[in-house]
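[1] give the three-dimensional model of this entry:
(one chain, ligands or ions: 4)
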Amino acid sequence: AKGAGRDRSAVFDEAMRDEATRILDLEADLRRAINADAFEPHYQPIVRIADGVVLGHEALLRWSHERRGLLAPGEFIGVGEDSGLIEQVDWLLYARVIQDMATAMTEGYVSVNVSPRHFRSADFADRLLGLLSDANVDPARLRIEITEVALFDDAPRALRTLSNLRSHGVLALLDDFGTGFSALSYLHHFPIECLKIDRSFIAGLSTSQPESLAVIRAILALAGTLSIDTIAEGIETEAQRDALVQLGCVNGQGYLFGRPQGRAAT
Ligand code: C2E
Ligand code: CA
Ligand code: CA
Ligand code: CA
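    Numbers count the residues shown, from 1 in each chain. Ligands and ions are numbered 1, 2, ... in the order given. A predicted model of the protein is given here:
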């Protein structure tokens, strides 16, 4: 059989080399794509789940790759983060999003994702506010999605950044909530508008995992107490939507309501 006779470590070395080459190729591709501004936002509606009324959209990064077609972040975000290139990609994307907001989208808010490392950079808030003011877009129409890592990693700085943004109207959503540290006692110290309940718990609803139900209940109760909004992520079925409505969850997003779509398609 193929590979017979080679010892395990040789096979392993080869696999490591292939992986290293793949990453270097991807990184070089990514640099070229940054120069070519080859990124575009796809928009997924965020809705009131009981009746489907659209409240806003989440902008999701897509890379229009010259040979491989449209790539979702899962295929390159790791390399983008390790190389630090994700920041440049993000700024290109935010510029596109804000341009769309200025020219095409009139209804509701748009939320953009911010990687934790990017959020930490000192001029993040001012640069974002600068883009908005250059394009004459009301900052209150833009929201940012950050994760718990971004908050707790350098809490004083996170607080300054969030306060600066909020004083101009840019609200913050906490993404993938329930999967991270969930240092609940800290939550009320930060100006957070909304918790996005991670998709894994919504998926757990359809397999009626009691833990998922318990986590969603707990998050909704916590958010209610702190007067923070919630958005359930990854709603794919009517059964999931109905269960969430029963639990008192008001807002959500997921394939049931709409997949991410490019501007040309919307
Ligand atoms: P996320 O912020 O949690 O985004 C939600 C992901 O779930 C998106 O994947 C979306 O397409 C997918 N999704 C939405 N509804 C459903 C559903 O009903 N079922 C299932 N199975 N999936 C659903 P996507 O677009 O591949 O993005 C993956 C992750 O990449 C995002 O997770 C976010 O962490 C990151 N990302 C996306 N755009 C950006 C960006 O502009 N900048 C940065 N730094 N990260 C981004
Ligand atoms: Ca997100
Ligand atoms: Ca999420
Ligand atoms: Ca995620």
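
[2] quick one: contacts for Ala122?
    Residues near Ala122 by Cβ atoms under 8 Å, 6 or more residues apart in numbering: Arg157. Where you see a C-beta, it was placed from the backbone N, CA and C, and this is true even at glycine.

[3] what about it, which SS state?
    With DSSP: H, G, I helix; E, B strand; the rest coil as the basis, Ala122 sits in coil.

[4] for it, what are phi and psi?
    phi -60, psi -40 (degrees, to the nearest 10).

[5] Arg217 belongs to a helix, doesn't it?
    Yes - counting by three-state DSSP, Arg217 falls inside a helix.

[6] please report how far it lies from ligand 1.
    21 Å (Cβ to the nearest ligand atom, to the nearest Å).

[7] quick check, Ile202 in contact with Thr230.
    No - using Cβ atoms under 8 Å, Ile202 is not in contact with Thr230, being 11.6 Å away.

[8] quick one: name the residues of the stretch 101-250 of the chain near ligand 1.
    For the stretch 101-250 of the chain, the contact set with ligand 1 under Cβ under 6 Å from any ligand atom comprises 112-113, 115, 145, 175-176, 199, 234-236.

[9] kindly write the ChimeraX command that selects the buried subset of those.
    Buried residues among those (16 or more other Cβ atoms under 10 Å), as a ChimeraX selection:
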select :112,113,115,145,175,176,199,234,235
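
[10] which of the residues of the stretch 101-250 of the chain next to ligand 1 are close to ligand 2?
    The residues of those that also fall near ligand 2, by Cβ under 5 Å from the ion, are 113, 145, 175.

[11] ok, Asn113 to ligand 3 distance?
    Distance of Asn113 to ligand 3, computed by Cβ to the ion, to the nearest Å: 8 Å.

[12] for Ala15, see how far away that residue is.
    Computed as Cβ to Cβ, to the nearest Å, the Asn113 to Ala15 distance reads 31 Å.

[13] what sits against Val215?
    178, 201, 204.

[14] give me the lowest-pLDDT entry from these.
    Note: of the contacts of Val215, the lowest pLDDT belongs to Gly178, at 87.

[15] so where's the stretch 101-250 of the chain uncertain?
    105-106, 181-183 (pLDDT under 70).

[16] return the residues of it in contact with ligand 3.
    Residues of the stretch 101-250 of the chain that fall close to ligand 3, judged by Cβ under 5 Å from the ion: 175-176, 233.
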